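Enquirer: Could you work out the structure for the sequence below:
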Amino acid sequence: MIEVHELALLLLQAQTTGNPTGVGLFRFFAGFVLIIAIYTTALLFTYWISKEE
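Expert: Numbers count the residues shown, from 1 in each chain. As a prediction, this is how the structure comes out:
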């Protein structure tokens, strides 16, 4: 099973050329959004787990 961060790295590294196509840009932004989502989820989880009840 492929890991989520490996998927993000594959999306970011997929067909990186000096002349980006529409699909290349879509895959780059898909990987970028995936990384931001993971980072945001980690921050929210850290806040949720550490807040005082």
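Enquirer: For this protein, name the helix or strand with the lowest mean pLDDT.
Expert: Least confident helix or strand of the chain, by mean pLDDT, DSSP states H and E, is helix 4-13 with a mean of 66.
Enquirer: Would you mind pulling up the elements that the helix or strand just after it packs against?
Expert: For helix 4-13, the following helix or strand on the C-terminal side (DSSP states H and E) is helix 22-50. Helices and strands touching helix 22-50, by 3 or more Cβ pairs under 8 Å, 6 or more residues apart in numbering; DSSP states H and E, are helix 4-13. For glycine as for every other residue, the C-beta is placed from the backbone atoms N, C-alpha and C.
Enquirer: quick one: low-confidence parts of the chain?
Expert: 1-5, 7-22, 53 (pLDDT under 70).
Enquirer: how about a cut-off of 90?
Expert: Where the chain drops to pLDDT under 90, the residues are 1-31, 51-53.
Enquirer: What count of nearby residues applies to Gly24?
Expert: For Gly24, the neighbour count with other Cβ atoms under 10 Å is 14.
Enquirer: same question but for Ile35, I mixed them up
Expert: 16.
Enquirer: Any figure for the gap between it and Thr46?
Expert: 17 Å (Cβ to Cβ, to the nearest Å).
Enquirer: same thing with Leu34?
Expert: 19 Å.
Enquirer: what about the two, which has more around it?
Expert: Counted by other Cβ under 10 Å, Leu34 and Thr46 do not tie: Leu34 has more neighbours, with 17 against 10.
Enquirer: Alright, calling it a day.
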